[in-house]
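Novice: compute the structure for the input listed below.
(chains A and B)
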Amino acid sequence: MRLTGAEIAIQCLVEEGVPYVFGYPGGAVLHIYDALFNQDKLRHILVRHEQAALHAADAYARATGKPGVALVTSGPGVTNAITGIATAYMDSIPMVIISGQVPTPAIGLDTFQEVDTVGITRPCVKHNFLVKNVDDLASTMKKAFYVATSGRPGPVLVDIPKDISQHITEYSYPKTVSMRSYNPVIKGHSGQIKKAVQMLMEAKRPMIYVGGGAILGDATQLVTKLVRDLGYPCTNTLMGLGAYPATDPQFVGMLGMHGTYEANLAMQHCDVLLAVGARFDDRVIGNPQHFFVEGRRIIHIDIDPSSISKRVRVDVPIVGNIADVLNEMVKLVEESPVAVDQLALKQWWQQINTWRERQCLKYANSTEVIKPQYVIEKLYEVTQGDAIITSDVGQHQMWAAQYYKFDKPRRWLNSGGLGTMGFGLPAAMGAQLAFPDMTVACVTGEASIQMCIQELSTCKQYHLPVKVVNLNNRYLGMVRQWQEILHGNRYSESYMDALPDFVKLAESYGHVGMRIENPADVEGALKEAFALKDRVVFLDFLTDQTENVFPMVKAGAGLTEMLLGAEDL
Amino acid sequence: MRHILSLLLENESGALSRVAGLFSARGYNIEALSVAPTEDPTLSRMTIVTSGSDDVIEQITKQLNKLIDVVKVFDLNEGRYIERELMLVKVRAEGADREEIKRTADIFRGRVIDVTDRTYTIELTGPRDKLDAFLEAIDNSLILETVRTGASGIGRGEWILKV
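Specialist: Alright, predicted model coming up:
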């Protein structure tokens, strides 16, 4: 079959079973868009800004586990996409990005809409390719999907110059791919796994700490089984929420900068810590020197060797596919000749329960002003805890993470690593396309939402009835919080003046807008909004301007040096 | 501590910048870097001289291994190895200095490879220390120009770095 490069690019996506490509056309990709026009297997979603194409494709991947695909043009198309690519990279999301490039003879001549795409994306992709010969295109696409989805997943970019998309060659999609320079480790070392299980069984104060890797590796059922079989406490990171059910009594809440008192203390005071697909990052364990405890032993399962002993030295590293490793661990626990020390475990749980009694997430509700935490609690109730929740970045993100109890994986989509404001709305679109029958809500703030608000138009075009829950406190809330706590109440540039009328704005895009100012109206508004199944509803909640996220560990402080409320300030 | 890392990587455009970019992005030191294709033209061999604590060196090798174009990474310091570097030095060689420089070059087994009435260009090969010692041995004010390749390293004995 002889095809043009453009047709090959599209055909490869079809072969990979890609249902949606999120993109925006432009000069360098006109041939590819022409090839899209002439087929009906692949659906293109036209966003309003390339950043949104990346976030939507990224969220599609987060929600489904399948790679997300985006298509952008050269130059500004690529530079607009960078934030989205970096977002996916930091959270290890499998994606393939196709970018147009100026024709090969024009590369390097400062041609119109030229940018060194391979160079500019290099630090924020797992890998990238510049296709210089149409004969290499199909095999490059195959490699791109293989690299993006295997090992530690990540975004892979394929840069296709315009002339290559026009050249014709014989097409066949390779069935297999082998790369001598890329062989991700799959199977964990069984000796290490045995050692880990032995250590776990002998623990007096065990703790299991589960990150996004468990979700990316589809290992959450095994996580749940292992935790339940052992009867040990479990915490999830921001990226790991839903890996272990939040409503389970063994769940001690999220850990980290805004984690629960009990989770953070248990992390610090345990004697054996099992880390599953988590990377001990700065927002999770705080200061590594403070986190270090003499005698505490750490087991770390991760698919990426470079995640191990990066910030924290571990005693038993296990590099491998998390599901395979946990499978082996579950079996070894069942067969273990040593039983868990139930007495010690009981005492440990008593200790944890005294920490729990602090009720660190308790907040003072009000009948005067809407508390943001209350909105999330009601959102949880109204959606019966069964929605896909996307979020932007800031206070609202933390409240959503703290108060929406995620029982299932792939229901909480947020930019944990890069912390990208603007992620929430396009992410909701990607999730809604992946699961048209599910309830999808974007928890956001009046600042974040404005970073990709143009996507309300995309929602209209493709009938994506997402619900926007805007916690509008007229501040860059998290910035204001840090300024209050760390910068002597000097609120430098953190007030969002001249906000739009979000109700009218939503209406102008053809959606339903609601403004809620009274706590008594919160539940009713949410019920009304979520009953409008086929409409986008923008809920603008005017919330308490002074509310802060607690607990809080200041940047650089120790994990247990928590501020639990205004009284600690 | 100073380490010499040997890499085999795909001989593709951009592979070098991936390695160099990794070092700058993660704040690792590069003291020297040399690269050229091997007997197999699809592969390049790179030698990187870097320094850092054991933890840092461990991260560097892990991060290098993570690069898709990198086929193999080996820290030569894990075994016995040989290190060589080539240096070309142009020196002012006039009057009494002329004979003195020639003698010093001979002591260091350097060769004079280009001559003018007023200069010598000397070629010298050896481990870094030897090249440094040569530069210290001649009057600093006479040195006009130096070019060094950075170290190339190879393991001793039968051990080989192959795909």
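Novice: so which bits of the one helix or strand A:C459 maps to are buried?
Specialist: Element membership for A:C459, per DSSP states H and E: helix A:456-461. The neighbour-count check on helix A:456-461 (16 or more other C-beta atoms under 10 Å in any protein chain shown) flags A:L456, A:S457, A:T458, A:C459 as buried. For every residue, glycine as well, the C-beta is placed using N, CA and C.
Novice: once you drop chain neighbours, what's closest to the first one?
Specialist: If you skip the residues right next to it in sequence, A:L456 has A:Y509 as its closest partner in space, 4.0 Å away by C-beta to C-beta, 6 or more residues apart in numbering or on different chains.
Novice: what's the spacing between that neighbour and A:P436?
Specialist: 20 Å (C-beta to C-beta, to the nearest Å).
Novice: so for these two, which sits in the more crowded spot?
Specialist: A direct count of neighbours by other C-beta atoms under 10 Å in any protein chain shown for A:Y509 and A:P436 places A:Y509 higher, at 18 against 10.
Novice: list the contacts for the residue nearest in space to the middle of chain A?
Specialist: For chain A, the residue lying nearest the average C-alpha position, counting by C-alpha atoms, centre = their mean, turns out to be A:N414 (4.0 Å). Residues in contact with A:N414 (C-beta atoms under 8 Å, 6 or more residues apart in numbering or on different chains) are A:L238, A:M239, A:T390, A:S391, A:D392, A:V393, A:Q397, A:A400, A:A401, A:F423, A:G424, A:A427.
Novice: ok, the last one - contacts?
Specialist: For A:A427, the set of contacting residues under the criterion of C-beta under 8 Å, 6+ apart consists of A:H55, A:A56, A:D58, A:A59, A:R62, A:T390, A:L413, A:N414, A:C442.
Novice: which stretch of helix or strand covers it?
Specialist: Applying DSSP H and E, one finds A:A427 within helix A:424-434.
Novice: do the same with the third one
Specialist: Using DSSP H and E, A:T390 sits in strand A:388-391.
Novice: outline the domain layout of chain A.
Specialist: A:2-170, A:190-356, A:372-549 (automatic domain parsing).
Novice: what's the strand holding A:T390 in contact with?
Specialist: Contacts to strand A:388-391, defined as C-beta under 8 Å, 6+ apart, come from residues A:59, A:63, A:379, A:397, A:400-401, A:404, A:406, A:410-414, A:423-425, A:427-428, A:431-432, A:435, A:438-444.
Novice: weed out the non-buried ones from those.
Specialist: Those of those that meet the buried threshold are A:59, A:63, A:379, A:397, A:400-401, A:404, A:406, A:410-414, A:423-425, A:427-428, A:431-432, A:439-444, by 16+ other C-beta under 10 Å.
Novice: which parts of chain B are strands?
Specialist: B:2-10, B:32-37, B:43-51, B:70-75, B:81-92, B:111-115, B:119-126, B:143-148, B:152-155 (DSSP state E).
Novice: of all those strands, which one is nearest A:E202?
Specialist: Between A:E202 and these, the tightest spacing by C-beta to C-beta is seen for strand B:70-75, at 34.4 Å.
Novice: starting at the chain centroid, how far to the closest one?
Specialist: On the basis of C-alpha atoms, centre = their mean, to the nearest Å, strand B:70-75 is displaced by 17 Å from the centre of the chain it belongs to.
Novice: near chain A at all, that strand?
Specialist: Yes: Strand B:70-75 reaches chain A (C-beta under 8 Å from any C-beta of the partner chain) through B:V70, B:V71.
Novice: got the residues of chain B near chain A?
Specialist: Applying C-beta under 8 Å from any C-beta, we find that chain B lies next to chain A at B:9-10, B:13-14, B:17-18, B:21, B:25, B:55, B:58-59, B:62-63, B:65-66, B:68-71, B:163.
Novice: just the buried residues out of those, in PyMOL syntax.
Specialist: In PyMOL, selecting the buried portion of the residues of chain B next to chain A, with burial taken from 16+ other C-beta under 10 Å, looks like this:
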select buried, chain B and resi 9+10+14+18+58+59+62+63+66+68+69+70+71
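Novice: just the residues of chain B next to chain A: which are in helices?
Specialist: The helices, defined by DSSP state H, take in B:S17, B:R18, B:G21, B:A25, B:D55, B:E58, B:Q59, B:K62, B:Q63, B:N65, B:K66 from the residues of chain B next to chain A.
Novice: mind checking pLDDT for the residue nearest to the fourth one when sequence neighbours are not counted?
Specialist: Put plainly, it is B:A25. Nearest in space to B:A25, with sequence neighbours left out and distances taken as C-beta to C-beta, 6+ apart, is A:P123 at 5.1 Å. Looking at A:P123, its pLDDT reads 97.
Novice: do the same with A:A9
Specialist: For A:A9, the model assigns a pLDDT of 98.
Novice: how near is A:Q166 to A:R358?
Specialist: On the measure of C-beta to C-beta, A:Q166 and A:R358 end up 66 Å apart.
Novice: understood, closing this out.
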